[in-house]
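[1] Just to be clear, the model below is a prediction. Sequence and coordinates:
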Amino acid sequence: MLPTLAKQQWDIKECRICGDEIGVLKESGVVFVACYACGFPVCRPCYEYERVDGDQRCPHCHSTYKREVDDNNEEITGGDEFQSKSTVSSHPPSTRLQSMRHQVSIHVQPSPGSVLSIGNIGEKDAVADGSVDGEWKERVTKWKARQQRRRTNDDDEHVFNSADENDDDSEILMAEARQPLWRKIPISSSKINPYRIVIILRLIILALFLRFRILTPAMDAYPLWLISVICETWFAFSWILDQFPKWFPVNRETYLDRLSLRFDRDDGEPSKLAPVDFFVSSVDPLKEPPIITANTVLSILAVDYPVDKVSCYVSDDGASMLLFDTLSETSEFARRWVPFCKKHSIEPRAPEFYFSQKIDYLKDKVQPSFVKERRSMKREYEEFKVRINALVANAEKKPEEGWVMHDGTPWPGNQTRDHPGMIQVYLGSEGALDVDGHELPRLVYVSREKRPGYNHHKKAGAMNALVRVSAVLTNAPFILNLDCDHYVNNSKAIREAMCFLMDPQFGKRLCYVQFPQRFDGIDTNDRYANRNIVFFDINMKGLDGIQGPVYVGTGCVFNRQALYGYDPPVSGKRPKMTCDCFPSWCCCCGGGGKRKSTKKKNKLAMLLTKMKNRKSKINGRYMKRSSSFDLEEIEEGFEGYDELEKSSLMSQKNFEKRFGQSPVFIASTLMEDGGLPKNKTTINTTGLIKEAIHVISCGYEEKTEWGKEIAWIYGSVTEDILTGFKMHCRGWKSVYCIPDRPAFKGSAPINLSDRLHQVLRWALGSIEIFMSRHCPLWYAWGGKLKLLERLAYINTIVYPFTSIPLLAYCTIPAVCLLTGKFIIPTLTNLASIWFMALFLSIIATGILELRWSEVSITDWWRNEQFWVIGGVSAHLFAVFQGLLKVLAGVDTNFTVTSKAAGDEEDEFGDLYLFKWTTLLIPPTTLIILNMVGVVAGVSDAINNGYGSWGPLFGKLFFAFWVIVHLYPFLKGLMGRQNRTPTIVILWSVLLASIFSLVWVRIDPFLPKPQGPILKQCGVDC
């Protein structure tokens, strides 16, 4: 008999692995028990599979199964191994069972001896909630049916041994499909352990160095010494914030073939992959070329994903008729472009970048018609570009009466800041087929309503409008947002993200999957660190090993439920031990003190039918989410309940205060797996469009939590940092996915002025977050944000303040050279040791970091150079602009004026484009000061003789450190200069100045006086 304790713990007749009934034994009628240690509910097929193909342990308490039971629940001797392998159960293991095993690795069944590291390692109690994916339950049913057919022929061993070969192949494929969809690849210990050791050593050396600097002041240059010590202390603090979040870097690997085996169907059945809504944001098509936006849309429509699972929403925040007509032309061209891409499996699927590739496009192509079709498609694309160029030319001069549509009606968006909401569905409706007669993904144009007097919150407000529109029209459970200049470079990128988001256990706790940003059109030297390789390949990998990477604004696949402000699901805990030794009113030992409230909760659960067994915490209250939830049903249930129950039901009305006055949208928020509510199917497309127009009205968000707790968060121009930070504070995790082929590619500003203004915008957003209530220094310390993750977020909002000590530190060498003083007194042997140890630790840290991250030293050095360039220019202006904006309400803008044009024949002509801006003043001043200081220092050493050269070397070292870091800025400042290398000009100026001073000192053409030098004695004779 099962122990009494186990009976009280598991009073349930449903298998916690596959969800089927456990059943009773035929003869005794006793419920089947797999584990006598804890009594965890497991059915007989799951138990048999675990005994034979699993690790022979209880999935709950991990006790080893030491015997096999017969139909009478009696132990069979010698049950450690089955007598014959022919009795192996064909029941498949549940994904939930695999994900909760506590071992780090398992043996793959098809190849004995091979070890595979599992990525989705769960806790011991990960199965306690009992939820099972519907598709797995269906497959378990099929397997059991097949097993039952085999048992009817169990009397004949030959029949069992001569199983159908196709059936065996199916079992092999199913076994492969049950494997994890991804795995975590830790950095090799031979690479990461020395890196961590050097970090600790560097921290110790840094502390001793600062102690030495504080205890040995330079009394003859006390102000310079004090400023330098303050700067060095801040640099040490900034280094700690940047370094320690990289303590646990990881890599991840996905298995797209297993994803296809698990969710794709080859027998004509619809795919089980989750739908995805794509968001593309645009503001001004004259600044963001329409042909680039069209390429982004075409690459989305042609992704390698089920057509009925893809919807593309384009946000036009400028209400431009140019973009409206561009999408109309794009939808027509997509009818020919999409089938061409899928037929020949081309990459990338953005025509502008596909046809401009300098590669052998015939590689791996075997169809004879490919060359002819490619030429025809290229000609059609060129004609498409001409039509787009014509639209752009017509849009450059606006008519006095405003734009007029093709049907003669005025364009509603003639007033860009005062116009109604507009929605146009181009594709996805009936009759929208390609040239081969196949369905195309849905394409929707959205321009939200704008009226004077409303704060529309720029990009964040536009993205939130897309969230509501997509929820009303398609309501996919996952959302991918892209900037209009970022196209899909890898058609399987969405499948890469689904390997994480559709994981049965790990995916439910993910708020988003972030892809790295990669760029086209950047010069090979990457003079201004546009690629951000160090950030995307080092910092983001480090965060992936903690709680996940930060959200960087584009190339991110979101879980819609995380955007709605819900908390992640919490693994169920083991029930506490209770006893019946005390009366029901006593709660000392867990008696029946809570039975009354439990009954009331049961009544409430019966009222809200068709709800799932998952709870989500919203503002401190737990609410259940339903797949077919209607507010009217709650209102009808108010009658007949006491005040406590009525208040529980009334709490559901908070949905309107939270999400706004739209019953259709509120119902969609309760669809955990996406899709439109089944009880709303009677609403036609026209009704849904009207509801979508309603949810993008400018007054819809008033007195709601949009932008405060829901979706994209308002309050900063870098809304991406705030949005990801809020999700991580709730306990969500994120994942960093780096496919072999870059998932998305975009364009980046490659000339100096545009690059500095881009960095200025990012730094200004960080200052705004620092001055807001969402500052990571004090926000949500009682939440679920991990400490190292918080350090990373603190670093993202305090780094602009480094510009002030950096500017001072870069000025000190020039001041020392001009005044003859130095921030360090006479160097002793001990001081030399500390300096050498510090520099060696810095070099060792960099080398070991490049070793495990596989980043080139060129990319690392460019990042170091631009850290100084951006720090003394854009970051400095961002600090003052942010303080003026937040404290005084003064919004200042830095204008950019073009002064010269690049060579149109040069591929990187824009690299030499010079635009004057105020941001160029501080670094230009620093370069001039340090160059003048070098000349003055050398001149002084020449005049004072041999003894003055020793102290000069330390000053020259710091001055050259500044000049070398600012060299890319100097090169961009001087432009092309008739193709003369800037380094030649720089060294020519320096050497010419030094030799001029030496020449003046020697004075070779002046006659030297002969005899004694006579000087006036000063005595008046």
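    On my side now, so go ahead.
[2] correct me, but Leu970 touches Asn930?
    No. In terms of CB atoms under 8 Å, Leu970 does not count as a neighbour of Asn930; the distance is 10.8 Å. Placement of C-beta: from N, CA and C, glycine included.
[3] more neighbours, the two?
    Neighbours per residue, other CB atoms under 10 Å: of Leu970 and Asn930, the larger number sits with Asn930, 24 against 18.
[4] Counting by contacts, list what the strand or helix carrying the more buried one packs against.
    Using DSSP states H and E, Asn930 sits in helix 921-944. Applying 3 or more CB pairs under 8 Å, 6 or more residues apart in numbering; DSSP states H and E, one finds that helix 921-944 contacts helix 803-819, helix 949-965, helix 967-974, helix 982-1002.
[5] and the residue nearest to Leu817 when sequence neighbours are not counted, how far is that from Ile921?
    Of all residues beyond its chain neighbours, the one nearest Leu817 is Gly933 (3.4 Å), with distances taken as CB to CB, 6 or more residues apart in numbering. According to CB to CB, to the nearest Å, Gly933 and Ile921 sit 18 Å apart.
[6] Look at those two and report which has more neighbours.
    Gly933 (24 against 12).
[7] I'd say that one and Ile812 touch.
    No. Between Gly933 and Ile812 there is no contact under CB under 8 Å: 10.1 Å.
[8] hmm, back to that, show me what counts as buried in the helix holding Asn930.
    922-923, 926-927, 929-931, 933-939, 941-942 (16 or more other CB atoms under 10 Å).
[9] Next, count neighbours for Asp364.
    A count of nearby residues for Asp364, using other CB under 10 Å, gives 8.
[10] Check Phe535 too.
    For Phe535, the number of neighbouring residues by other CB under 10 Å comes to 15.
[11] quick one: secondary structure of it?
    helix (DSSP: H, G, I helix; E, B strand; the rest coil).
[12] got the contact list for the nearest residue to it once chain neighbours are set aside?
    In this structure, Phe535 finds its nearest non-sequential neighbour in Asn863, 7.8 Å apart by CB to CB, 6+ apart. Asn863 is in contact with 529, 532-535, counting by CB atoms under 8 Å, 6 or more residues apart in numbering.
[13] which residues of the stretch 351-500 of the chain fall in strands?
    422-427, 442-447, 478-483, 487-488 (DSSP state E, counting those that start in this stretch).
[14] just the ones you listed: most buried one?
    strand 487-488 (a mean of 29; mean count of other CB atoms under 10 Å).
[15] And the average pLDDT for that one is what?
    What strand 487-488 shows for mean pLDDT is 94.
[16] Ala274: neighbour count?
    As a burial measure, Ala274 scores 20 neighbours (other CB under 10 Å).
[17] I'd say it and Gly675 touch.
    No. Ala274 lies out of contact with Gly675 (CB under 8 Å); the separation is 9.8 Å.
[18] what's next to stretch 310-317, contact-wise?
    Taking CB under 8 Å, 6+ apart as the rule, stretch 310-317 contacts 275-283, 285, 293, 297, 300-301, 303, 323-324, 327, 413, 428, 441-448, 456, 458-459, 462-463, 465-466, 469-470, 473-474, 476.
[19] Out of these, which end up buried?
    Neighbour counting over the contacts of stretch 310-317 (16+ other CB under 10 Å) leaves 275-283, 285, 293, 297, 300-301, 303, 323-324, 327, 413, 428, 441-448, 456, 459, 462-463, 465-466, 469-470, 473-474, 476 as the buried ones.
[20] from those, which ones fall inside helices?
    293, 297, 300-301, 323-324, 327, 459, 462-463, 465-466, 469-470, 473 (DSSP state H).
[21] which one of the residues you listed sits closest to Asn489?
    Ile300 (11.7 Å; CB to CB).
[22] now the strands for the stretch 701-850 of the chain?
    Secondary structure of the stretch 701-850 of the chain (DSSP E, counting those that start in this stretch): strands at 733-736, 744-747.
[23] Show me what the first one is packed against.
    What it means is strand 733-736. strand 510-514, helix 540-544, helix 719-729.
[24] one step back: which one of the strands of the stretch 701-850 of the chain has the lowest average pLDDT?
    Lowest mean pLDDT within the strands of the stretch 701-850 of the chain: strand 744-747, at a mean of 91.
[25] Other residues contacting that strand?
    Against strand 744-747 from outside (CB under 8 Å, 6+ apart): 292, 348, 353, 482-483, 485-490, 493, 515, 517-521, 554-555.
[26] could you redo the last one with a cut-off of 10 Å?
    288-289, 292, 296, 299, 348, 350, 353, 480, 482-490, 493, 515-522, 530, 554-556 (CB atoms under 10 Å, 6 or more residues apart in numbering).
[27] From these, keep the buried residues only.
    For the contacts of strand 744-747, buried by 16+ other CB under 10 Å: 288-289, 292, 296, 299, 348, 350, 353, 480, 482-490, 493, 515-522, 530, 554-556.
[28] got any ranges where the stretch 101-250 of the chain has weak pLDDT?
    Counting by pLDDT under 70, the stretch 101-250 of the chain contains low-confidence ranges at 101-177.
[29] how does it look with 50?
    Counting by pLDDT under 50, the stretch 101-250 of the chain has low-confidence residues at 101-133, 154-163, 165.
[30] do the chain as well
    In the chain (pLDDT under 50), the answer is 1-8, 68-133, 154-163, 165, 573-650, 680-682, 894-905, 977-978, 1005.
[31] per-domain residue ranges of it.
    What the record gives for the chain is the domain set 9-68, 189-244+800-874+922-1002, 256-264+272-570+704-748, from the TED database.
[32] just these: most buried one?
    Highest mean neighbour count among the domains of the chain (mean count of other CB under 10 Å): domain 256-264+272-570+704-748, with a mean of 20.
[33] now the angle from the helix holding Asn930 to helix 803-819?
    Angular relation of helix 921-944 and helix 803-819 on a 0 to 180 degree scale: 20 degrees, by axes from the mean of the first three to the mean of the last three CA atoms, to 10 degrees.
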